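**Student:** Sharing a model that was predicted from the sequence below.
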Amino acid sequence: MKKIINPWKGVEGYNCFGCAPGNPAGIKMEFYEEGDEVISVWKPRPEYQGWINTLHGGIQAVMLDEICAWVILRKLQTTGVTSKMETRYMKPIMTTDEHITLRARIVETKRNIVIVEAGLYDSKDELCTKAVCTYFTFSREKSETEMHFHSCDVEE
């Protein structure tokens, strides 16, 4: 498993709720590549709960959407936007859990429309929440000029 380098780290104005390491209110996700998957391991915290000791469903959706975006960045070397997201909550995630793991991969590509599947697993590796995200991907030129994206590499 190789750590994915955040291509916007240090860019002025970069304050993504999902992945910016400097956003004090954010969830500061980090990502890794393993085969055709992008993976993130995260420690739930009580400030992100909905019900007592339960991770808020909106935070779960943010995390699933975020990891799907990183699949686009790393695997296709471009950016895009979510055009549709279907989320299925099957089991609660506890904020007292040691960690959660998210996994995502591309399942279909049609021109600039990409379908990404993602799963959120508790520390017992049980699938708790899953999502299918439909992404509208941008051309590399638009990604560079408008999104300040040049490449998404992994650490050696």
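**Tutor:** Sure thing, it's come through.
**Student:** The nearest residue to residue 36 once chain neighbours are set aside: how many residues sit nearby?
**Tutor:** Closest residue to residue 36 apart from its sequence neighbours, by Cβ to Cβ, 6 or more residues apart in numbering: residue 105 at 5.1 Å. In short, each C-beta sits where N, CA and C put it, glycine included. Counted by other Cβ atoms under 10 Å, the residues lying close to residue 105 total 18.
**Student:** Give me the three-state assignment for residue 105.
**Tutor:** The three-state assignment at residue 105 reads strand, by DSSP: H, G, I helix; E, B strand; the rest coil.
**Student:** From residue 118, how far out is it?
**Tutor:** As judged by Cβ to Cβ, to the nearest Å, residue 105 and residue 118 stand 8 Å apart.
**Student:** cool, residue 13 as well?
**Tutor:** Residue 13 is 27 Å from residue 118, by Cβ to Cβ.
**Student:** do residue 85 as well
**Tutor:** From residue 85 to residue 118 the distance is 9 Å (Cβ to Cβ).
**Student:** overlap in contacts of those two?
**Tutor:** 64, 68, 131-133 (Cβ atoms under 8 Å, 6 or more residues apart in numbering).
**Student:** so which of those residues comes closest to residue 145?
**Tutor:** residue 68 (23.1 Å; Cβ to Cβ).
**Student:** Surely the closest one is within a helix?
**Tutor:** Yes: the assignment for residue 68 (three-state DSSP) places it in a helix.
**Student:** Quick check: it vs residue 114, distance?
**Tutor:** Counting by Cβ to Cβ - residue 68 and residue 114 are separated by 9 Å.
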